[in-house]
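K.L.:
Generate coordinates for the sequence data below:
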Amino acid sequence: MTILLVHGDREYLRDPGEELQTDLGVLTVPENARPGDVLTTHLDEEFTVRRLRGPDLFHHFERTGAPMLPRDVGLIVGETGVAAGDRVLDAGTGTGVLAGYLGRIGAEVVTFERKPEFADVARENIEMADVADAVDVRTGDVTERFGDLGEFDVLTLDTPDAAEIVAHAPDLLADGGSLGVYSPFVETARDVAEAAREANLDDLRTMETIQREMDFDERGTRPTTTGVGHTGYLTFARKA
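P.N.:
Now for the predicted structure:
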């Protein structure tokens with residue numbers, strides 16, 4: 001099981017038995033290392049063992065593009081109500097952040113990635129997240145597999161042709177199933193909303209995701225001038 005080794009603002013991923021070499025010294029991760037353990041390098045610098053959690057996936061997954069931010073993942077989880085035991089169809093795997101989060105919740109995820117090299121990276125990330133039993137990364141175009149996928153409790157999309165897939169949502173979703181679509185551009189979000197409306201899905205709504213971190217110092221308080229405030233648009237709907 002991959003763990004984090006933390007020293008101040010430094011973080012390193014290692015498996016039990018692997019060696020860590022930095023300017024702070026060298027240490028070998030014990031096979032029985034557990035979260036909360038403190039490991040010491042040969043230079044007497046201490047690293048704390050930390051178990052990987054959801055936000056760590058975003059920061060440490062190997063990237064093949066811009067991954068979905070934790071704020072967007074949180075909205076998808078909250079708005080779709082995805083839960084342990086749910087069957088989820090995901091398209092546009094990318095780095096695998098969303099699929100990894102959903103797998104850690106306990107959902108059974110089938111995720112499609114068109115680019116073979118991206119799918120390979122996603123599989124490695126999912127393995128590192130220790131959810132390979134829950135997340136099935138498939139290479140290919142989900143639109144070519146509609147006939148043999150069955151029904152799902154949740155449909156999540158992060159792909160340019162999302163509107164085309166949404167048109168088939170009534171056949172892909174079980175009764176009461178939920179749809180969550182991430183769109184980087186408002187034009188795509190509009191197309192998705194129109195497709196959902198034409199598919200007679202209920203509870204249709206689209207929201208922009210904006211968050212501002214706050215800076216606190218001796219001069220006063222204000223929103224930070226760094227970081228990303230706007231990320232994209234999320235469209236949600238539900239099959240009656």
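
K.L.:
which SSE is S178 in?
P.N.:
Assessed by DSSP states H and E, S178 sits inside strand 173-183.

K.L.:
for R197, that is, sorry about that
P.N.:
Using DSSP H and E, R197 falls in helix 186-198.

K.L.:
Can you work out which other helices and strands pack against that helix?
P.N.:
Applying 3 or more Cβ pairs under 8 Å, 6 or more residues apart in numbering; DSSP states H and E, we find helix 186-198 packed against helix 162-166, strand 173-183, strand 202-210, strand 230-238. Using the backbone N, CA and C atoms, a C-beta is placed for each residue, glycine as well.

K.L.:
can you redo the ones you listed as JSON lines with mean pLDDT, mean neighbour count and distance to G65?
P.N.:
Putting the helices and strands packed on helix 186-198 into JSON lines (pLDDT from 0 to 100; neighbours: other Cβ atoms under 10 Å; distance: least, Cβ to Cβ, whole Å) gives the following:
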{"stretch": "helix 162-166", "mean pLDDT": "97", "mean neighbour count": "22", "distance to G65": "16"}
{"stretch": "strand 173-183", "mean pLDDT": "97", "mean neighbour count": "22", "distance to G65": "13"}
{"stretch": "strand 202-210", "mean pLDDT": "96", "mean neighbour count": "13", "distance to G65": "18"}
{"stretch": "strand 230-238", "mean pLDDT": "94", "mean neighbour count": "21", "distance to G65": "13"}
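
K.L.:
got the angle for the strand holding S178 vs strand 202-210?
P.N.:
Orientation check (axes from the mean of the first three to the mean of the last three Cα atoms, to 10 degrees): strand 173-183 against strand 202-210 gives 30 degrees.

K.L.:
According to the record, where do the domains of this protein fall?
P.N.:
The record's domain split for the chain, according to automatic domain parsing, is 3-51, 56-238.

K.L.:
Helices along this structure, start to end?
P.N.:
Taking DSSP state H as the criterion, the chain contains helices spanning 54-60, 70-80, 97-105, 116-128, 162-166, 169-172, 186-198.

K.L.:
what's the nearest residue to D136 if we skip its chain neighbours?
P.N.:
V110 (4.9 Å; Cβ to Cβ, 6 or more residues apart in numbering).
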